[in-house]
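J.: Here's a sequence, model it:
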Amino acid sequence: MLLLVSLQAPHSEDTIPMSSDTDKKAMNGRQQAIVELIRTSGSVTIEQLEQHFDVTPQTLRRDLNFLAETNQILRFHGGATSMSNNRNTPYTERKIQNLEGKQRIAEAVAARIPDHCSLFINIGTTNETVAAALMQHQGLQIITNSLHVATVMSQKEDFRVIVASGEVRARDGGIIGEATIDFVRQFRLDFGIVGISGIDDDGMLLDYDYREVRVAQAILDQSRCVYLVADHSKFGRNAMVQLAPISAVDALFTDEAPPPALAAALKAEAIELHIA
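T.: Numbering: from 1, shown residues only. As a prediction, the model looks like this:
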């Protein structure tokens with residue numbers, strides 16, 4: 001009689017090929033905590049992780065490399081970012097994301113804007129928060145390509161609010177297109193307050209929509225002083241359209257210290273850094 005013997009190993013997690021579910025099982029407690037930290041904050045640097053976990057930078061780099069290889073995060077030099085950071089988050093999510101940090105940024109910007117000045121304010125949830133923070137000012141003249149910004153600031157009787165012409169983007173009330181660019185280029189204002197979707201390590205400002213970028217570039221050109229407003233989730237965030245190098249702005253207002261490479265780029269270009 002021929003006896004067939006099965007050589008299949010007993011079932012265990014160690015012998016199961018890795019998949020999206022088993023990737024999470026393979027993570028240790030610290031790595032799970034890193035993923036959660038990145039998910040809530042948008043991005044982190046090695047330095048920030050060192051302050052959070054009592055381990056060496058080398059260990060943290062290995063953790064990040066493993067998490068990137070198993071598609072839990074996106075790795076960049078000096079840190080990591082959320083997988084969702086390579087796409088434009090829906091407006092309703094962005095509206096509430098890191099609201100406390102955006103409010104601190106808005107207050108810091110408002111403190112630098114004098115009464116009776118003129119300013120551009122472009123599209124973005126941080127910019128909308130800045131608009132709300134400026135409501136205690138007097139006699140501002142505002143040009144905006146954001147219906148949300150216009151709605152907020154038009155409630156002040158001594159403000160003069162001019163809305164740019166162009167195509168209204170349904171998802172966030174942004175106004176874009178060639179007509180918007182032509183409209184912006186008719187003016188020369190004291191300040192330009194601009195938001196951004198991502199800032200690369202070398203300081204390149206990045207966004208997702210080419211038409212929105214064209215309008216923002218016009219605002220940079222027509223502003224005597226440019227304030228960039230961006231919370232820490234924008235550091236290292238991927239977006240494929242280049243807006244301008246960091247040298248195109250006069251100051252960056254953010255809520256946490258930028259990664260070392262970006263901090264070095266700011267210093268090299270003598271860009272003011274305000275951490276709210």
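
J.: so who does the closest residue to L205 other than its chain neighbours touch?
T.: With CB to CB, 6 or more residues apart in numbering as the criterion, L205 has its nearest non-adjacent residue at 4.2 Å, and that residue is L243. All C-beta spots, glycine's among them, are computed from the backbone N, C-alpha and C. L243 sits next to I196, M204, L205, L206, D207, V213, A216, Q217, L220 when contact means CB atoms under 8 Å, 6 or more residues apart in numbering.

J.: So the residue lying closest to Q103 once chain neighbours are set aside: helix, strand or coil?
T.: Nearest non-adjacent residue to Q103, counting by CB to CB, 6+ apart: T129, 5.9 Å away. Assigned with DSSP: H, G, I helix; E, B strand; the rest coil, T129 falls in the helix class.

J.: count of neighbours near T129?
T.: Residues lying near T129 (other CB atoms under 10 Å) number 26.

J.: Tell me how far it lies from I73.
T.: T129 sits 27 Å away from I73, going by CB to CB, to the nearest Å.

J.: just A170 next, same as before
T.: Using CB to CB, A170 is found at 31 Å from I73.

J.: So which of the two has more stuff around it?
T.: Applying other CB under 10 Å to A170 and I73 shows that I73 carries more neighbours, namely 26 against 8.

J.: quick one: the strands in the stretch 1-150 of the chain?
T.: Taking DSSP state E, counting those that start in this stretch as the criterion, the stretch 1-150 of the chain carries its strands at 43-45, 73-76, 79-82, 118-121, 141-144.

J.: nearest to A248, of the ones you listed?
T.: Closest of those to A248 is strand 118-121, at 13.7 Å (criterion: CB to CB).

J.: Low-confidence ranges, the stretch 1-150 of the chain, go.
T.: Flagging of the stretch 1-150 of the chain using pLDDT under 70 yields the residue ranges 1-25, 40-42, 83-97.

J.: and if we set it to 80?
T.: Low-confidence segments of the stretch 1-150 of the chain (pLDDT under 80): 1-26, 39-43, 74, 76-78, 81-98.

J.: Which strand residues bridge I193?
T.: I121, Y227 (DSSP bridges).

J.: just the strands in the stretch 151-276 of the chain please.
T.: Using DSSP E, counting those that start in this stretch, the strands of the stretch 151-276 of the chain run over 160-163, 167-169, 174-176, 189-195, 198-199, 205-207, 223-229, 241-244, 251-254, 272-275.

J.: Remind me what the shortest one packs against, helices and strands.
T.: Think strand 198-199. strand 205-207 (3 or more CB pairs under 8 Å, 6 or more residues apart in numbering; DSSP states H and E).

J.: cool, and the first one?
T.: The helices and strands touching strand 160-163, judged by 3+ CB pairs under 8 Å, 6+ apart, are strand 141-144, helix 147-153.

J.: List just the one of these that sits closest to D231.
T.: helix 147-153 (17.3 Å).

J.: Can you spell out which helices and strands pack onto that closest one?
T.: Against helix 147-153 (3+ CB pairs under 8 Å, 6+ apart) you get helix 125-133, strand 141-144, strand 160-163.

J.: how about the second one: buried residues?
T.: Within strand 141-144, the residues that qualify as buried are I142, I143, T144, counting by 16 or more other CB atoms under 10 Å.

J.: Strand partners (parallel or antiparallel) of that strand?
T.: strand 118-121 (parallel), strand 160-163 (parallel).

J.: what about it, distance to the chain center?
T.: Taking CA atoms, centre = their mean, to the nearest Å, one finds strand 141-144 lying 23 Å from the centre of the chain it belongs to.

J.: got the CA positions of that strand in CSV?
T.: The C-alpha trace of strand 141-144 is given here as CSV (Å, rounded to 0.1, in the frame of the first residue of the first chain):
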residue,chain,number,x,y,z
GLN,A,141,-9.2,96.0,0.1
ILE,A,142,-9.3,92.4,-1.0
ILE,A,143,-9.1,90.7,-4.3
THR,A,144,-9.8,87.0,-4.2
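
J.: contacts for it?
T.: 117-122, 131, 149-150, 153, 159-164, 184, 187, 189.

J.: Find the residue at the geometric middle of this protein.
T.: Ranked by distance to the mean C-alpha position of the chain (CA atoms, centre = their mean), the top residue is K234 at 2.5 Å.
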